[in-house]
Each structure stands twice: as structure tokens, then as C-alpha cells.
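1. kindly return the folded structure for what I paste below:
(one chain, ligands or ions: 1)
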Amino acid sequence: VYDLATVEQHARAIGSMKSLSRALYAIKANSHPGVLRCVAAAGLSFECVSRQEVERVRESVPGLDPDRILFTPNFAPRSEYEWALAEGVRLTVDNLYVLRAWPEMFRGRDLFVRIDTGQGHGHHQHVRTAGAHSKFGVPLFEAGELAAATDAAGARIVGLHAHTGSGHFDVPSWVETAKALAGVAEGLPSVDTLDLGGGLGVPDRPGRAPLDLAALDRALAAFREQHPRFQLWLEPGRFVVAAGGVLLARVTQLKGKGAFRYRGLATGMNSLIRPALYGAYHEIVNLTRLDEPAEHVFTIVGPICESGDVLGHDRLLPPSREGDVLLVANAGAYGSVMSSHYNLRPPAGEIT
Ligand code: LLP
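-> Residues are numbered from 1 along each chain as shown. Down below sits the predicted model:
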């Protein structure tokens, strides 16, 4: 269930950052059409990673200027690049291979290039997108070859891009990324934009401090003052939508086994895979018994045939019964978009 007022509030918070010339919402976090319309109305542009994501934006937000879409594919087939260029969306290349193997495609084009700054950040190894173990970006040691490769293709690099990881709170890291990109841009006079990617964290447990957006804005503004040549872009996904969505599911069965008290829900990792995939923490409350004291520690599981189908370990909750509605928080980002029909169980539907 999505609350568009919350999504709008977060989109506007990003949109009001004075240091940014453009904020692009990374639609991989949540591509529900209503969410996209809400984010577009708040003035944000879009970052997409597949043809299908670009098409989803265009269908959901009719009349959107194609210039407000940045397409950042990774290891996509040649045909997707050809399609994007024909459609007039901005394109990021993240590998010298595409420039060298398909140079004719890029003749006369303005491009963004994704750089691997070598410094990864994020809530889990799977979401740290820098360094040799990561498949993304042109590594710094190849940056010197960029000018020759784009010149040979007859293209112009107008922007440098980096996304170092997802779900972190480290304000200086975005400035470090900007500095690393500015270093690469020294050899590329046509670059006027630095896109610092996303990664803006959202607290997962009550009481944890939120990302200091004002501090990030100040730090980026200070960078801009020192480097007036560049405009700065940011591409948040999670920050815009995480808190605006919850997963609701009814309790199906109760079980006690040794020291464990299990409460089964009608849906699990087929709707929200983050706990199983990253050990991510999502707050869980019993909506049916909000006023009752939380007396017992439960393991909250789904109906999928995997031991890893656990939405929450050791959760203090009121004594929950069959039919109670449990709420899993922060499910607006990387929830439905990563859902599956595993075991042929349909994932939770989406409503706004
Ligand atoms: N830009 C690029 C190029 C990205 O690859 C990503 C995320 C973003 C922006 C947005 O990052 P965000 O602001 O949402 O952190 N499924 C994982 C997150 C994977 C993020 C992949 N790339 C999770 O559930 O934590």
C-alpha cells in the first residue's frame, strides 16, 4: 500500500536541494505508475536501466520531455542502445567496449559515462557498486582512454556519472565521488555535469537517525563553489519511496517449535525479498492489536518453501492470532519491483 503524500514529501525534499541542478528518481526502486506520476509532478526527472523502465515512465507520464530521462543500461544488448538513441533519451555508457565495438552508433551524440570510482558504500556487499568485484562503470585506470575512444567514435562526453552503492548515510562520500569525477573530467573539457548517483539511506529501525539531507546539500553546494564548471545531479531511488509503502498481510497459522514461536503470513519473500537476500531489517507491527502489549518474541515467516522465507527474526509483538493484519514497514522501495511468483504464489498487489 502506497501513500502518495509521503512519496511526494520525500520527492519534494530532494527537489528542493539547492546544490542540485537536477534530481532524477531511480525508478528501479518502485515503478508503480501512480508513484511515477507523483514523482514527476514534484518536478523530478527519471533514471532508468532498461528499455522497459523507459517505456514505463513514458506510458505513466504522458508528454514527459525525453530529455528528462537518463538511461543507464549495464551489459544490455546493442539493440537497446540503438533504440534509446533513436528515442532521444539521454544515454549513459558504462563500458569502453560499447564505444569501441559500436562506434558508428554514437557519432555526433552527447553521452554520459559511468565511472567506477573504486570506493563502494552501502548496506550490504550486494549493493556496493564500485571496485573490481563490481561489474559497473569504467574503472579509473581506464579513464585516460575515454577521450580517445569517444573521439574515435565521434561522440562527446557531456556528463560523468557514478553510483557507489545503496542505502548509506555517509554525507562526505557523495562529495568524494564528485571530487573523483571532477578529476576524471580534467581530461574531458566537454563535461559540464557530474551525476553522483543515488544511495541515500533510509533508517530501518525506529530511533535511528535519518540522512542529514541539509548537510548533504551544504556539502555539495560547497563543492560547486569550488568547481563552478559543473552542475550536480543526484539519482535517489529508495529515499523517495521507501517510507511511502507498507506490506500488509494476514496471519495464516501459528506454530511453536522449541524456543521459537512462528507466525505465518499469507505472503513472504515472494512479495519482499530484502530480508532473505540482504538480511535487511523491516519493522513489523500487528495492526489488529496496536493497543495490546507486545509480550512475546516471534519469528515472522511467509508461505514459501524455503527456510530463508523469514520477514522478521525475534520480533516483540502482541500475541498474534489467525486473521490478524501485520504491517511490514519501509516496503515502498525494492519491494514489489523485486517480487516474484516463486512457488506460483502471486505477490501482494499494489494500491495507492
Ligand atoms: N542510480 C543507479 C545507477 C543505481 O544503480 C541505483 C541503484 C540508484 C541510482 C538508486 O539507488 P538508491 O538511491 O535506491 O539506493 N535492491 C537493493 C538496492 C539495489 C540498488 C541498485 N542500484 C535493496 O533492496 O537494497
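2. ok, C305 touching L344?
-> No. Between C305 and L344 there is no contact under Cβ atoms under 8 Å: 10.9 Å. Where you see a C-beta, it was placed from the backbone N, CA and C, and this is true even at glycine.
3. next, the contact list for the residue nearest the centre of the chain, please.
-> Nearest to the mean C-alpha position of the chain, by Cα atoms, centre = their mean, lies G237 at 3.6 Å. Residues in contact with G237, defined by Cβ atoms under 8 Å, 6 or more residues apart in numbering, are 25-30, 47, 166, 198, 333-334.
4. buried subset of those as a PyMOL selection?
-> Selection command for PyMOL covering only the buried members of the contacts of G237, criterion 16 or more other Cβ atoms under 10 Å:
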select buried, resi 25+26+27+28+29+30+47+166+198+333+334
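5. which of the contacts of G237 are close to the ligand?
-> With the criterion set as Cβ under 6 Å from any ligand atom, the members of those near the ligand are 26, 28-29, 47, 166, 198, 334.
6. up against the ligand, what does the stretch 251-352 of the chain have?
-> For the stretch 251-352 of the chain, the residues in contact with the ligand under the definition Cβ under 6 Å from any ligand atom are 274, 278, 334.
7. circling back: higher neighbour count, C305 and L344?
-> Shown here are C305 and L344; by other Cβ atoms under 10 Å, C305 has more neighbours (9 against 6).
8. so who does that one touch?
-> C305 is in contact with N343, counting by Cβ under 8 Å, 6+ apart.
9. what secondary structure does it sit in?
-> Secondary structure, DSSP: H, G, I helix; E, B strand; the rest coil: C305 is coil.
10. for it, give me phi and psi.
-> Per-residue torsions, C305: phi -80, psi 70 (degrees, to the nearest 10).
11. and it, what pLDDT?
-> As predicted, C305 sits at a pLDDT of 98.
12. distance-wise, check it relative to the ligand.
-> C305 sits 23 Å away from the ligand, taking Cβ to the nearest ligand atom, to the nearest Å as the criterion.
13. just V54 next, same as before
-> Look at V54 and the ligand: by Cβ to the nearest ligand atom, they are 14 Å apart.
14. that residue contacts L70, correct?
-> No. With contacts defined as Cβ under 8 Å, V54 does not count as touching L70, sitting 9.7 Å away.
15. now for the two: what residues contact both?
-> Common neighbours of V54 and L70, counting by Cβ under 8 Å, 6+ apart, are 48, 89.
16. just to revisit the earlier point, pLDDT score for the residue nearest to the centre of the chain?
-> Among the per-residue scores, G237 holds a pLDDT of 98.
17. in CSV, list the contacts of G237 along with secondary structure and pLDDT.
-> Below are the contacts of G237 laid out as CSV (DSSP: H, G, I helix; E, B strand; the rest coil; pLDDT from 0 to 100):
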residue, secondary structure, pLDDT
Y25, strand, 98
A26, strand, 98
I27, helix, 98
K28, helix, 98
A29, helix, 98
N30, coil, 98
E47, strand, 98
S166, coil, 93
G198, coil, 97
A333, coil, 98
Y334, coil, 98
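18. so is stretch 116-135 next to the ligand?
-> Yes. For stretch 116-135 and the ligand, the contact criterion (Cβ under 6 Å from any ligand atom) is met by V127.
19. endpoints of that stretch, how far apart?
-> Using Cα to Cα, to the nearest Å, the gap from the first to the last residue of stretch 116-135 comes to 9 Å.
20. what mean pLDDT does it have?
-> Over the span of stretch 116-135, the pLDDT mean works out to 85.
21. repeat for stretch 153-161
-> Taken as a whole, stretch 153-161 carries a mean pLDDT of 97.
22. show me what it is in contact with.
-> Under the contact criterion Cβ under 8 Å, 6+ apart, stretch 153-161 has outside partners 72, 90, 92, 94, 99-100, 103-115, 146-147, 150, 181, 184-185, 188, 190-195, 197, 233.
23. so how do I select the buried members of those residues in PyMOL?
-> Only the buried members of those end up in this PyMOL selection, burial being decided by 16+ other Cβ under 10 Å:
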select buried, resi 72+90+92+94+99+105+106+109+111+112+113+114+115+146+150+181+184+185+188+191+193+194+195+197+233
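24. how near is the nearest residue to R12 once chain neighbours are set aside to the ligand?
-> For R12, the nearest residue in space outside its immediate sequence neighbours is A42; the separation is 5.1 Å by Cβ to Cβ, 6 or more residues apart in numbering. With the distance defined as Cβ to the nearest ligand atom, A42 ends up 16 Å from the ligand.
25. swap in R250?
-> Using Cβ to the nearest ligand atom, one obtains 24 Å as the distance from R250 to the ligand.
26. which residue ranges form the helices in the protein?
-> 4-15, 33-41, 51-60, 78-87, 96-101, 146-153, 171-185, 213-226, 238-241, 274-278 (DSSP state H).
27. the second one to helix 4-15, inter-axis angle?
-> Just to be clear, that refers to helix 33-41. Between the axis of helix 33-41 and that of helix 4-15 there is an angle of 40 degrees, by axes from the mean of the first three to the mean of the last three Cα atoms, to 10 degrees.
28. now for helix 33-41, which elements pack on it?
-> Here helix 33-41 is seen to pack against helix 4-15, strand 45-48, helix 51-60 when contacts are counted using 3 or more Cβ pairs under 8 Å, 6 or more residues apart in numbering; DSSP states H and E.
29. quick one: distance of stretch 132-146 to the chain centre.
-> Per Cα atoms, centre = their mean, to the nearest Å, the displacement of stretch 132-146 from the mean C-alpha position of its chain is 21 Å.
30. list the contacts of that stretch.
-> The contact list for stretch 132-146 (Cβ under 8 Å, 6+ apart) reads 74-75, 94-96, 113-118, 120, 128-130, 157, 162-163, 180, 184, 187-188.
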